[in-house]
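Asker: kindly return the folded structure for what I paste below:
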Amino acid sequence: MPLVKRRSWPVLAALLLTAACGSDAAAPPPADDEPDSDGIGDDASAPPTSSDDASAPIPTPIRYVIVLVKENHTFDNYFTGFPGAATTTTAKLSTGKTITRTAAPSAPLSKDLCHSNSCGQTAYRSGAMNGFDLTGAGTLPFVYYTEKQIPNYWQYARNFVLADHFFSTTLGPSTPGHAVFWNAQSLVLNNAKCNNPDGGTCSGFGCTADKNVTVTSYDPDNCTTKTVAPCFDVPTIVDHLPQGFTWADYGGALALMTKSVAADPNHATHFRKQADLVTDLSAGRIANLTIAHLWSGDVSEHPTAYPCAGENFTVDIVNAAMKLPQWSEMAIVVTWDDWGGFYDHVAPTVHKCSNGNVFQEGFRLPAIVISPYAKKGYVLSTPTEQASVPRLVEELWGMDFMTTRDPHARDGTAGSMMGAFDFSQAPRAPLMLSTHACP
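Answerer: As a prediction, this is how the structure comes out:
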């Protein structure tokens, strides 16, 4: 089987969000609008591991970065009431009424919420942030999960660093949110679609996809869109890693949307299945840079799923990483891919085009920084975004910003997350947490 064979393209094609400017995008999508990544990494010849030659001088003690990208929640949806963070228990409606937000049920939600770019623009409402009741999801956008429901995320936030002004780089659904961690730009507005005229399946992903696979790209300067193949000649974070540093992509082959990665005859060795991450870490196999797209099944936290299983999966990953000798040189970022249709009260700073569209930035997302050098119980309020994560890797390792090669890459202009660290402090011990029973 080819490395990136997609097993459920017919189903996927029916479930994809419409392009951001589509007239019918305000209708809520079906529950599972994420690409099926079960086939990713099936043929990888060897698990990733750091190189014995990874001795390049870097400006910080951090030589290992793990980025965990979960699914579809805003900051207010997960951290309402967190001490020192900007949150609110109320919400504004399009009618002018202010309501009191309530806790989410300790069970799956009744349906998924629309989180396309057009629904985001409806919710944003030219900065008023009062159109969330117009996206077709009723009162669901306004619920929030309490500390009792997601206790371990709150534990990480209380003991390490929680960023409370971390925004999505592009206002849109999953693929835009996931791609930015590799390219410091979102590249697209929707998920790839199979357009096989015979009604059959499509194969491949990104630059390896067959000719029937398309995606909606956009020009961030004038907010125009076009349908293209999901393959882009743009810089990626792995183009210029320090000498000997290795990388791995778990769960979804987002790095294959970049031509330089696809052109590598050994690119298959970098891709692993989502389920392999805990196994690899537990066996001591770790790349210097690991980006994990945890977007499949209930462990992704994608609505309608209750977040308990997903939080437990995150804890299993973090515990496995903390047990490694590399913990003393590690930074872990836990964040989410997009807003998921949920309310947030902080308006992003956007670029509004002459046609009225808004693609960048999107709503606030949770982001937690875990490291022996992370400040303890610190709320990072520096305005940052998803593109700040590749910027963080570049700053930790003394790399050039991708912006110097492509002005649309946002790492050179996104806020820095380096304020989460205190490299003068004694390295902190691991914080091993226990998973909990789910309702």
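Asker: when you work out contacts or count neighbours from here on, use the C-alpha atoms and nothing else.
Answerer: Noted.
Asker: what's around residue 266, how many residues?
Answerer: Other residues within reach of residue 266, judged by other CA atoms under 10 Å, total 11.
Asker: kindly report the same for residue 81.
Answerer: Counted with other CA under 10 Å, residue 81 comes out at 15.
Asker: one more: residue 406?
Answerer: Neighbour count for residue 406, taken as other CA under 10 Å: 16.
Asker: and the pLDDT at it?
Answerer: Note for residue 406: predicted pLDDT of 97.
Asker: for it, what are its contacts?
Answerer: 234-235 (CA atoms under 8 Å, 6 or more residues apart in numbering).
Asker: wait, a strand at it?
Answerer: No - using DSSP: H, G, I helix; E, B strand; the rest coil, the assignment for residue 406 is coil, not a strand.
Asker: distance of residue 376 from residue 153?
Answerer: Distance of residue 376 to residue 153, given as CA to CA, to the nearest Å: 14 Å.
Asker: go on, residue 222?
Answerer: As defined by CA to CA, residue 222 lies at a distance of 38 Å from residue 153.
Asker: looking at those two, which is more packed in?
Answerer: residue 153 (20 against 16).
Asker: what count of nearby residues applies to residue 404?
Answerer: With other CA under 10 Å as criterion, residue 404 counts 13.
Asker: check contacts around the closest residue to it other than its chain neighbours.
Answerer: Leaving aside its chain neighbours, residue 404 sits nearest to residue 412 (7.7 Å; criterion: CA to CA, 6 or more residues apart in numbering). Residue 412 sits next to 391, 401-404 when contact means CA under 8 Å, 6+ apart.
Asker: just the ones of the residues you listed in helices?
Answerer: residue 391 (DSSP state H).
Asker: so can I have TSV of the contacts of residue 412 showing distance to residue 382?
Answerer: Below are those laid out as TSV (distance: CA to CA, whole Å):
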residue	distance to residue 382
391	14
401	19
402	21
403	20
404	23
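Asker: out of the contacts of residue 412, which are buried?
Answerer: Among the contacts of residue 412, those classed as buried by 16 or more other CA atoms under 10 Å are 391, 401-403.
Asker: quick check: pLDDT value at the residue lying farthest from the centre of the chain.
Answerer: Distance from the centre of the chain peaks at residue 198, with 33.5 Å (CA atoms, centre = their mean). Looking at residue 198, its pLDDT is 88.
Asker: the one 3 residues further on now?
Answerer: Model confidence at residue 201, expressed as pLDDT, equals 91.
Asker: so it: helix, strand or coil?
Answerer: Of the three states, residue 201 takes coil under three-state DSSP.
Asker: likewise for residue 84?
Answerer: coil.
Asker: hmm, it is touching residue 379, no?
Answerer: Yes - the criterion here is CA atoms under 8 Å, and residue 84 meets it with residue 379 at 6.6 Å.
Asker: of the two, who's got more company?
Answerer: Ranked by neighbour count (other CA under 10 Å), residue 84 and residue 379 place residue 379 first, with 23 against 13.
Asker: what's across from residue 364 in the sheet?
Answerer: Beta-bridge partners for residue 364, by DSSP bridges, are residue 167.
Asker: burial count for it?
Answerer: 31.
Asker: same question, residue 55
Answerer: The burial count for residue 55: 12, using other CA under 10 Å.
Asker: model confidence for residue 350, exactly?
Answerer: 89.
Asker: give me the phi and psi for it.
Answerer: phi -110, psi 160 (degrees, to the nearest 10).
Asker: contact partners for it?
Answerer: Applying CA under 8 Å, 6+ apart, one finds that residue 350 lies in contact with 358-362.
Asker: show me the residues you listed that map onto strands.
Answerer: Using DSSP state E, the subset of the contacts of residue 350 located in strands is 358-360.
Asker: and those residues, which is closest to residue 184?
Answerer: Checking the ones in strands among the contacts of residue 350 against residue 184 with CA to CA, the nearest one is residue 360 at 12.4 Å.
Asker: dihedrals phi and psi, the closest residue to the closest one other than its chain neighbours?
Answerer: Among residues not flanking residue 360 along the chain, residue 170 sits closest, at 4.5 Å (CA to CA, 6+ apart). Phi and psi for residue 170, reported as degrees, to the nearest 10, are phi -130, psi 140.
Asker: cool, and residue 334?
Answerer: Dihedral angles (degrees, to the nearest 10) for residue 334: phi -110, psi 120.
Asker: ditto for residue 376
Answerer: With angles defined as degrees, to the nearest 10, residue 376 sits at phi -90, psi 130.
Asker: next up, the contacts around the residue lying closest to residue 241 once chain neighbours are set aside.
Answerer: Residue nearest to residue 241 in three dimensions, not counting chain neighbours: residue 399, with 7.2 Å by CA to CA, 6+ apart. Counting by CA under 8 Å, 6+ apart, residue 399 makes contact with 240-242, 393.
Asker: buried ones among those?
Answerer: By neighbour count, with 16+ other CA under 10 Å, the contacts of residue 399 hold 241-242, 393 as buried.
Asker: check which residues of stretch 194-204 are buried.
Answerer: With burial defined by 16+ other CA under 10 Å, the residues of stretch 194-204 counted as buried are 194-196, 201-204.
Asker: and for stretch 65-81?
Answerer: Here stretch 65-81 shows 65-80 as buried, counting by 16+ other CA under 10 Å.
Asker: A helix includes residue 252, no?
Answerer: No - with three-state DSSP as the criterion, residue 252 is coil rather than part of a helix.
Asker: in this structure it contacts residue 293, no?
Answerer: Yes - using CA under 8 Å, residue 252 makes contact with residue 293 at a distance of 5.6 Å.
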